[in-house]
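A.B. asks: Sequence and predicted structure are below.
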Amino acid sequence: MKKIFYCLLLIGISVSTGLKAQQKSAPGKLAEISAAEASSYSRMTRAHVSGLINNYDLRYHRFQWLVDPSQSGIRGSVTSYYLPTVPQLSTIQFELAAGMSADSSYHRGFKVATTHVGDIVTVSYGEMMPEGVLDSVTVYYHGDPAAGNGFGSFGTALHSGVPALWTLSEPYGASDWWPSKNDLTDKIDSIDVFIAYPKGNHAASNGILVSETPRGANLMLSHWKHRYPIASYLVAIAVTNYARYTEEYKGAEGHYPIVNYMYPEDSASNRVQTSWLLPVYGIYSSLFGHYPFDHEKYGHAEFGWGGGMEHQTMTFIGQGAFNLEILSHELSHQWFGDMVTCGSWHDIWLNEGFATYCAGLMYENTSPDHYWPIWKMQNISWVCYYPNGSVYCTDTTNVNTIFDSRLSYSKGGMVLHQLRWIIGDSAFFTGMKGYLADPKLRYGFALTSDYKAHMEAASGRDLTEYFNDWIYQQGYPSYTVNCTQDAAHLTTVVISQAQSDPSVSFFKLPVPVQFFGSGKDTLLVFNNTFSGQSFMVNPGFAIDSMHFDPYYRIISANNHVALGEEELPAGKTLSLSPNPAGNRLTALHNLGSIREVGIVSINGQNMSSRLIENSPSRLVLDVSRLPEGTYILRLKKNGINVARKFAIVK
């Protein structure tokens, strides 16, 4: 557990938030998610440049596969139903890795010409097919995807000495192991998956398990049926000697099964973890609408890969990665990533940033006073650890850039949280629901501009500047807040801002500051529109300390606050010695009798000390029990507040 560094801002000093010094990696369980994903995705080192001619609209795939978990290979066929989108179509193309073999193709029951050049399989009919008329073709193929490319989209390994096989196609890996239309423009309306494999195993996949039947002496055949649109990279299979159990979600909006395929040695412990997820289904349904595949199922399949992968209706979770944050992250992808899928890898934050924030919302709804503030603090810290980088992914040829934990995940998630702060909860969640319910996006693809349009409609605000600053440009703000207060408690607040990257000249944000004093506190929000802006407020009490953004609502770091005390009367002086101090601290002054003396730590904690002497010209304090560090001596006399910084060195 990371220690929380509260930014307590004190009289007469400048205090940094300290965020940058806390960590050098992604926070909490997100570190496990992103680090594992980055490690696995990094094996997919090739740049994906598709040469496929896109002249048809996919409607259906029937997969027929033969696999053996003890061998890294696949054999089978893919039957594709589609509508030609050009007036005359005589050929159709699919992507299939060059290391695989396209054996033959059949069109309307007749064998037709097949060529496989590079990563493109071309099927030639020998006749012209009309536009808009449903047609189909079957491609038979075989090969060893791992040997052919080694990109990690088709894997085998042992668990407790037992072979296991799985697939993971995000972002470019579908064509590594089956002839596909490997893009983000055309979802498959429905699929049937037939998997033949050695007896003693079970096969997990998308949708509903229709049947498991013997095939000869040694094989079993599983049939999975999925009747929702699905992107090619979300089609998946996994095969091993799974132990299976089914849970059920029952909510006001309906109920559906949660089907779990676990390694036998982990089944008991994982069952505890998946049971903890049951309330989260209701949280997400309340916030975003019904689970989008509730006519079928949700499920988990354990596999030999780190982190998790949100395969549609059947999330794959790595061995040892079953914990509530990862499970919540992957579950939320069924809304953000699966039902509404980013329409470009440039916009991957629409998948990963949203799922990251949803895991935070899980904490907000289950542990609002503990894990929720920790989660926000840690994510802001990670976002601000480096000064630059945009949420919008500019280089989609590099999978490590696409799945950047700091930008696509943490910053994407915190940009959502910050937007919620700016426009308010009602507008934010109305916009989120509208985005998911949009018939042009629902079970389809979306770009950042689509999400922006829905948030503008819900809030009634032009968010162009916000999205430019926080999605397309780089960096974050750092604030200096200077406050002075008179005897009537009228306070002047001057807010200045610096930017970590020159791509943004100024971040317009509401700036929250919490004021404390006289046993009271108040949170004030300043609509900061330019650097050096001055505000006049009256908190109703004498301020002695402050928190900058105490609830972690904005993305910022390296913030400083100075609260100035009233000027000492002419001819009055105050000095501390020795400074740094050891066991005693002496304050020499000509203020007369001091009414109140106190010491606070740099984070605002009242510290214990013993007053040895308090004369009209001299104060002596026993500070021997204070550990090394920086402290504030506070003196009060007849409405005069004085604060001086000193250090303790042992």
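C.D. replies: Perfect, I can see it now. Please read all numbers here as calculations on a predicted model, not as lab measurements.

A.B. asks: show me where the protein has helices.
C.D. replies: Counting by DSSP state H, the chain has helices at residues 28-41, 145-148, 174-177, 267-276, 278-288, 324-332, 349-366, 371-383, 399-402, 412-423, 425-437, 448-459, 464-467.

A.B. asks: Let's have these in TSV, adding mean neighbour count and distance to Phe194.
C.D. replies: C-beta: built from backbone N, CA, C; applies to glycine. Shown next, in TSV, are these (neighbours: other Cβ atoms under 10 Å; distance: least, Cβ to Cβ, whole Å):
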stretch	mean neighbour count	distance to Phe194
helix 28-41	21	27
helix 145-148	19	19
helix 174-177	29	15
helix 267-276	15	26
helix 278-288	18	30
helix 324-332	24	26
helix 349-366	24	29
helix 371-383	23	42
helix 399-402	21	30
helix 412-423	22	37
helix 425-437	17	32
helix 448-459	19	36
helix 464-467	16	45
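
A.B. asks: Among those, which comes closest to Gly51?
C.D. replies: With Cβ to Cβ, the closest approach to Gly51 among the helices of the chain belongs to helix 174-177: 11.3 Å.

A.B. asks: Provide a list of residues in contact with the nearest residue to Trp335 once chain neighbours are set aside.
C.D. replies: Counting by Cβ to Cβ, 6 or more residues apart in numbering, the nearest residue to Trp335 once its immediate chain neighbours are dropped is Phe288, at 5.1 Å. Applying Cβ atoms under 8 Å, 6 or more residues apart in numbering, we find Phe288 in contact with Trp335, Met432, Lys433, Leu436.

A.B. asks: which one of the residues you listed is nearest Phe516?
C.D. replies: Nearest to Phe516 among the contacts of Phe288, with distances taken as Cβ to Cβ, is Met432, at 34.6 Å.

A.B. asks: That closest one against Ser286, yeah?
C.D. replies: No - if you go by Cβ atoms under 8 Å, Met432 and Ser286 don't touch, sitting 11.6 Å apart.

A.B. asks: Let me see the contact set for the nearest residue to Gly412 once chain neighbours are set aside.
C.D. replies: Excluding its sequence neighbours, the residue lying closest to Gly412 (Cβ to Cβ, 6+ apart) is Gly353, at 1.9 Å. Contacts for Gly353 (Cβ under 8 Å, 6+ apart) come out as Val391, Ser408, Tyr409, Lys411, Gly412, Gly413, Val415, Leu416.

A.B. asks: what's the most distant pair in those?
C.D. replies: The span of the contacts of Gly353, defined through Cβ to Cβ, is set by Ser408 and Leu416 at 12.5 Å.

A.B. asks: gap between the residue nearest to Gly412 and Phe288?
C.D. replies: Look at Gly353 and Phe288: by Cβ to Cβ, to the nearest Å, they are 15 Å apart.

A.B. asks: Could you do Lys411 as well?
C.D. replies: Lys411 is 21 Å from Phe288, by Cβ to Cβ.

A.B. asks: picking that back up, including pLDDT, could the contacts of Gly353 go into a markdown table?
C.D. replies: As requested, these are exported to a markdown table (pLDDT from 0 to 100):
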| residue | pLDDT |
| --- | --- |
| Val391 | 98 |
| Ser408 | 97 |
| Tyr409 | 97 |
| Lys411 | 98 |
| Gly412 | 98 |
| Gly413 | 98 |
| Val415 | 98 |
| Leu416 | 98 |
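
A.B. asks: Adding distance to Ser496 as columns, could you present those residues in a markdown table?
C.D. replies: Formatted as a markdown table, the contacts of Gly353 follow (distance: Cβ to Cβ, whole Å):
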| residue | distance to Ser496 |
| --- | --- |
| Val391 | 25 |
| Ser408 | 31 |
| Tyr409 | 30 |
| Lys411 | 23 |
| Gly412 | 28 |
| Gly413 | 28 |
| Val415 | 23 |
| Leu416 | 27 |
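
A.B. asks: still on that earlier bit, minimum distance to Asp486: which of the helices of the chain has it?
C.D. replies: helix 412-423 (30.9 Å).

A.B. asks: which residues touch the closest one?
C.D. replies: Contacts for helix 412-423 (Cβ under 8 Å, 6+ apart): 349, 352-354, 356-357, 360, 376, 379-380, 383, 391, 428, 431, 455, 458-459, 461, 463, 466, 470-471, 509-510, 553-555.

A.B. asks: could you dump it to CSV, C-alpha only?
C.D. replies: Output of helix 412-423 as CSV, limited to C-alpha atoms (Å, rounded to 0.1, in the frame of the first residue of the first chain):
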residue,chain,number,x,y,z
GLY,A,412,-7.1,8.8,-19.9
GLY,A,413,-8.9,7.7,-16.7
MET,A,414,-8.1,10.9,-14.8
VAL,A,415,-9.1,13.1,-17.7
LEU,A,416,-12.5,11.5,-17.3
HIS,A,417,-12.6,12.1,-13.6
GLN,A,418,-11.5,15.7,-14.1
LEU,A,419,-14.2,16.2,-16.8
ARG,A,420,-16.7,14.9,-14.3
TRP,A,421,-15.5,17.5,-11.8
ILE,A,422,-15.9,20.3,-14.4
ILE,A,423,-19.3,19.5,-15.8
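
A.B. asks: Mean confidence (pLDDT) on stretch 509-528, please.
C.D. replies: Confidence for stretch 509-528, expressed as mean pLDDT, is 95.

A.B. asks: Relative to Leu361, how far out is the residue nearest to Trp335?
C.D. replies: From Phe288 to Leu361 the distance is 10 Å (Cβ to Cβ).

A.B. asks: now do the same end-to-end measure for stretch 618-628.
C.D. replies: 24 Å (Cα to Cα, to the nearest Å).

A.B. asks: This completes my enquiry, with thanks.
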